[in-house]
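Visitor: sequence unavailable; structure follows:
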């Protein structure tokens, strides 16, 4: 199932505002993974709006759902959502990547709402499997959610964890893949082709759903009535566009990571978002 980006609905005001804040936070630090954050915005927005059982006033609540952003380099999107939801003051965003900030270039558990340090790719799903298995063991109703990058799925640990999840029938585990079809230095097809991607997950014992990762309603529908199948972990393949929201950042590997953002680039980014 391939969803051409031209079929995605236009971004609404909130999605544009979240991207604008990502740009402004990145500008303060002078660096960041902008394109990787842009492809995540709607996925995280739907999770935090209507799916995850979490309490910003009590991030360590024992019965909370566990969420892991395994592709930790996309953390700018996570940080703006956590600030919007009240996990920490919005003012903290402007300290991103300062030596004295809790907000580093990859998420750490010192950030309210962050469960584990991520960014060393291939580890988020194994940890989420452990969390889901523990929940089953102690008979807790909480669930484990993890967002993976598609390039990350080149890692063998992802598939080892998938086998364990299937073996233990972890239907309280949901893996979402930000399938933007690009990695840091090339397309996933060129680097290590994942197709047939959905069939791979099915062959590892997962129930699979697919959705346009920038369509709020499609994501909400994909995340309804979990688990997708009783006794099986769920994978939701989210078809996204790397750098979504600004024409010149979309599918442009130069924007995977930016360091030393120039003033004219900042103006162009904000102007493009105003026109979106």
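Guide: Happy to help now that I have it. Here the structure is a predicted model, which means the values were calculated and not measured.
Visitor: ok, now which ones touch the closest residue to residue 272 other than its chain neighbours?
Guide: The shortest distance from residue 272 to any non-neighbouring residue, by Cβ to Cβ, 6 or more residues apart in numbering, is to residue 246 (4.4 Å). All C-beta atoms are positioned from the backbone trio N, CA, C, and that covers glycine. Applying Cβ atoms under 8 Å, 6 or more residues apart in numbering to residue 246 gives the contacts 19, 38, 269, 272, 273, 276.
Visitor: please repeat the previous calculation with a cut-off of 7 Å.
Guide: Residue 246 is in contact with 269, 272, 273, counting by Cβ atoms under 7 Å, 6 or more residues apart in numbering.
Visitor: so which of those residues comes closest to residue 95?
Guide: residue 269 (20.7 Å; Cβ to Cβ).
Visitor: could you find the closest non-adjacent residue to the closest one?
Guide: residue 23 (4.9 Å).
Visitor: can you list contacts of the longest helix that the chain contains?
Guide: Scanning the chain for the longest helix, with DSSP state H as the assignment, gives helix 13-29. If you take Cβ under 7 Å, 6+ apart as the criterion, helix 13-29 is touched by 32, 34, 37-38, 41-42, 45, 76-77, 80, 93-94, 96-97, 245, 261, 266, 269-270, 273, 276.
Visitor: now residue 62: how far from residue 41?
Guide: 29 Å (Cβ to Cβ, to the nearest Å).
Visitor: of the two, which one has the most company?
Guide: The neighbour comparison of residue 62 against residue 41 (other Cβ atoms under 10 Å) goes to residue 41, with 27 against 8.
Visitor: and that one, what does it touch?
Guide: 15, 18, 19, 77.
Visitor: gap between it and residue 245?
Guide: Distance from residue 41 to residue 245, by Cβ to Cβ: 8 Å.
Visitor: ok, residue 267 next?
Guide: For residue 267 relative to residue 245 (Cβ to Cβ), the value is 16 Å.
Visitor: same drill for those two, tell me which one is more crowded.
Guide: More neighbours surround residue 245 than the other of residue 267 and residue 245, with 25 against 10 (other Cβ under 10 Å).
Visitor: so the more buried one makes contact with residue 274?
Guide: No - between residue 245 and residue 274 there is no contact under Cβ atoms under 7 Å: 11.4 Å.
Visitor: hang on, the earlier thing: wait, is the residue nearest to residue 272 part of a strand?
Guide: No - per DSSP: H, G, I helix; E, B strand; the rest coil, residue 246 lies outside any strand segment and is coil.
Visitor: on that earlier part again, with neighbour count and distance to residue 111 added, can I get the contacts of residue 41 in CSV?
Guide: Formatted as CSV, these follow (neighbours: other Cβ atoms under 10 Å; distance: Cβ to Cβ, whole Å):
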residue, neighbour count, distance to residue 111
15, 21, 22
18, 23, 17
19, 28, 20
77, 28, 13
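Visitor: and those residues, which is closest to residue 128?
Guide: Out of the contacts of residue 41, the member with the shortest distance to residue 128 (by Cβ to Cβ) is residue 77, at 18.4 Å.
Visitor: just the buried positions in the helix or strand harbouring that closest one, please.
Guide: Element membership for residue 77 (DSSP states H and E) is helix 75-85. If you call a residue buried by 16 or more other Cβ atoms under 10 Å, then helix 75-85 has these buried ones: 75, 76, 77, 78, 79, 80, 81, 82, 83, 84, 85.
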